[in-house]
Structures are given as C-alpha cells and as structure tokens.
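1. Next input, structure requested:
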Amino acid sequence: MRDWEKEKTANDPDTEREELETLAKDWDWHVRRAVALNSSAPVEILRDLAGDKVQWVREAVAGSPQADEKILDLLSQDGDGFVRAAVALNHATSPDTLLDLSEDEMMDFDYTLSKNRYITMEAVAKNPNSPEEVIRTLSEHGDEDVRAAAVSNPKVPGDVLFKRRIDQSWAVRTAVARSPQASVEILDYLAQDRIQDVRAAVTKNPKTSADSLGGLATDRDVEIRVAVAQNPGTDIETLEVLSRDWAWKVREMVATNPSTEEDIVKALAEDGDQSVKKVAGARFALSKDQET
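-> Have a look, this model is predicted:
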C-alpha cells in the first residue's frame, strides 16, 4: 500500500538532504520516484537513482533539471525508450547526446490519435539544444509528428519554416503558423490555407500582418473571426467591420479588444445581445471613470 505522506515528504523541496538520502533507498519505488522529482534533490542522489531498477524512477531522473551531463549521457543509453525520451526532452541534455538520440526509433502508441509516435525523435526535435543539422534533418522526416515537432523548435531556421509552409500535413503547417520565428510572408501565405486549424493558428500569431487579419475577418468560420476580433494587432477598420458581425461572440470580443476605439465600444454598449451589451457597457463605464 502506498504511503502518500512519505511521497509528499520525498517531493517537498524543503525536506532535509539526510532524509532525502534515506527516502531515495525506500522499498517503494513511488517514494524513490518522488525524490527524483524533487526540485531540490542533490545531483549525488540523482546519480544513485539513475541506476534504479524501476524505469519510472529513472525516467523521473532523466527529466530532472538538476541532472548533470554525466547522468543524462548515461540515461540516453537506457534500455527503456521512455527514459531515453525524457533525456531528449531535458533542456540540460548536450547537443552531442541529442544528435545520437535523433536516430532513436522508439515508438509508442498514442491512443488519442490511434497511431504510433516516434516519441524520442519528437522530443529531440523540440529541444532548443538540438544542433541545427538535427532540426533540419528531422524537419524532413517521413512522419508528420516529427516534422511538426521540428518546426515548433524555438531555434528552427527560417528557411525550414518557409519550406514546410507547403507541407502536405496540415498539422505541420499549423505548427509553422504558431512559430514565433515565422515571417510575415509565411503567415500571409498560411492565412489563405484551406484548413481551419492552420488559419486559426495564423490569427493568434503576434507577427501576423494587419492585412492578413483583415482578410481573415471575413472567414466563414466564426471561431476564426472571434480570434481576429481578439487580436490587438487587428486594425481599426477591421474591428469596426467585426463590430457588426452577425455572431454575438465576435462582437463581444471586439468590445474587449484594447485596440477598439471608444466610439465602437459605446455603440456595442447598446447591442441587442445582452452579453455584448454587458461587456461593452462595463468597459465604456471604466474608460469614463478613468477620464474623471
């Protein structure tokens, strides 16, 4: 039977080192795992737990921000794929180790998507410590989830994003549209994508141009128009058009947008929909109070 109090103590950052050393040798692997997950666990204890017989304990060590390069290098060669994947996700993992793991073909079945996933490769692809050559290689992988992970990397090269903007997979194109590294040119292109999820991602990217947001303001999908109405980068002319949208949720978001001018908010305070009227009225009243 699990001792929840002992696990709580093992995971408490304020627990004394001596007690953590004792708990790291506990018979219950749940307790040992809790020690490995402790943000204050000394590297010496993690080094011992890296050799634990239970994979879930080793996985916890592999994911620890306190794990040093020696520990992570050791666990990158672990016989369990979940442990190796945890190493691949760890931002302390060295570029050389990530290069080795980029060829790891460990797969796991994703029940939500009913498909197998290259979990280690995906983890490497997302890690900002991965060498550029690794990101480029994985962006060309035959699996769409690996490619999507690669383009989501914060250090993905711009030319990779440009190439993947025409990827056959909408999941990859969506990841491109979400990227902070995506150029205005790429976002303008994806704003016209036939897939709703891609266009929705464009509306939420801070770098999306006012022209693209203006085009998306006429999108047939209500949720996309809602996202445009929320975006502070949407220009006044577009917000004015959206303030007359047939969907009340769009008009409500116009009322909350900090870029919406006072006269539009004032008009929305008289809207026929009670939700829109309430939000706009409260904002209009607040602006008046601030003036006085």
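2. Name the nearest residue to Ser243, sequence neighbours excluded.
-> Nearest residue to Ser243 in three dimensions, chain neighbours excluded: Val254, at 4.6 Å (Cβ to Cβ, 6 or more residues apart in numbering). Every residue, glycine included, has its C-beta placed from N, CA and C.
3. Let me have the strand or helix carrying that neighbour in PDB, keeping just the CA atoms, if that works.
-> Element membership of Val254, judged by DSSP states H and E, is helix 248-256. The C-alpha trace of helix 248-256 is given here as PDB (Å, rounded to 0.1, in the frame of the first residue of the first chain):
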ATOM      1  CA  TRP A 248     -22.500  37.900 -30.900                       C
ATOM      2  CA  LYS A 249     -19.300  36.300 -29.700                       C
ATOM      3  CA  VAL A 250     -17.300  38.200 -32.400                       C
ATOM      4  CA  ARG A 251     -18.900  41.500 -31.300                       C
ATOM      5  CA  GLU A 252     -18.200  40.700 -27.700                       C
ATOM      6  CA  MET A 253     -14.500  40.100 -28.500                       C
ATOM      7  CA  VAL A 254     -14.400  43.400 -30.300                       C
ATOM      8  CA  ALA A 255     -15.600  45.100 -27.200                       C
ATOM      9  CA  THR A 256     -12.800  43.500 -25.100                       C
END
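4. next helix or strand past that helix?
-> helix 262-268.
5. Packing partners of that next one?
-> Counting contacts by 3 or more Cβ pairs under 8 Å, 6 or more residues apart in numbering; DSSP states H and E, helix 262-268 packs against helix 248-256, helix 274-291.
6. Quick check: which of those helices is buried the most?
-> helix 248-256 (a mean of 23; mean count of other Cβ atoms under 10 Å).
7. As a check, name the ranges of all strands in the stretch 1-150 of the chain.
-> Assigned by DSSP state E, counting those that start in this stretch, the strands in the stretch 1-150 of the chain fall at 108-110, 115-117.
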